[in-house]
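Student: Sharing a model that was predicted from the sequence below.
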Amino acid sequence: MSWTDERVELLKKMWGEGQSASQIAKELGGVTRNAVIGKVHRLGLSNRATGGATKTEAKAKPAPKAEAKPKPAPKTEPARPAPAPEAEAKPATPARRQIIPAGQPLPPQPSANEISPEALAKVNEVEKKAKKLSLMELTERTCKWPVGDPATEDFWFCGLPVQAGKPYCEAHVGVAFQPMSSRRDRRR
């Protein structure tokens, strides 16, 4: 089945009318519901027109409440002094993970200061002896620890023999799989 101009126009019209992907697939024939959904997203039609409510929206709306109870008056608190400017600069919520597009350099990773100095020294020694393999050279017996920025030419994998049951060599296992208590203690 190919998406002809006529079929695409019918898809756009039916989608704009609020019909489901299953209904559109049935009407078009020869396509699945998932094919319709994929085409809708590729065309950028994912937002429905704000028209009348569909059957599912009508079912989902709760019945209006008969009578709302009055809320008790809020307690008044004494006025507080304004916080210091330094306190305002800190975010109240934890930072969210940032998605970085492919090809962009990664920001500095905090892992270097969370790892024990002994483990770092061991990793630095091991990375000097690393085989520096590419992705295509990795096997189940080679350490898959990435080194460097994947967006640059100077990116490689460790390649040393792995520890039994782990994807990394002994030194990288020491960095990747740390006991919970030691990680918890470092955060304090």
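Tutor: Right, received. Where do you want to start?
Student: give me the low-pLDDT residue ranges for the protein?
Tutor: For the chain, applying pLDDT under 70 flags the ranges 1, 48-98, 100, 106-115, 180-188.
Student: Please parse it into its domains.
Tutor: 5-50, 111-187 (automatic domain parsing).
Student: Format these as TSV; extra columns: distance to Q104 and mean neighbour count.
Tutor: Placement of C-beta: from N, CA and C, glycine included. Output for the domains of the chain, formatted as TSV (distance: least, C-beta to C-beta, whole Å; neighbours: other C-beta atoms under 10 Å):
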stretch	distance to Q104	mean neighbour count
domain 5-50	24	14
domain 111-187	7	14
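Student: Reformat these into TSV and put distance to P105 next to each item.
Tutor: As requested, the domains of the chain are exported to TSV (distance: least, C-beta to C-beta, whole Å):
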stretch	distance to P105
domain 5-50	29
domain 111-187	6
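Student: what about the helices in the chain?
Tutor: Ranges of helices in the chain, per DSSP state H, are 5-16, 21-28, 33-43, 55-60, 85-89, 111-114, 117-129, 170-176, 180-187.
Student: For the longest one, name the packing helices and strands.
Tutor: Spelled out, it's helix 117-129. When contacts are defined as 3 or more C-beta pairs under 8 Å, 6 or more residues apart in numbering; DSSP states H and E, helix 117-129 packs onto helix 170-176.
Student: which one is V36 nearest to, not counting chain neighbours?
Tutor: A21 (4.3 Å; C-beta to C-beta, 6 or more residues apart in numbering).
Student: Who are the contact partners of the one you found?
Tutor: By C-beta atoms under 8 Å, 6 or more residues apart in numbering, the contact set of A21 is R33, N34, V36, I37, V40.
Student: Adding distance to K12 as columns, could you present these in JSON lines?
Tutor: As requested, those are exported to JSON lines (distance: C-beta to C-beta, whole Å):
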{"residue": "R33", "distance to K12": "17"}
{"residue": "N34", "distance to K12": "18"}
{"residue": "V36", "distance to K12": "11"}
{"residue": "I37", "distance to K12": "14"}
{"residue": "V40", "distance to K12": "9"}
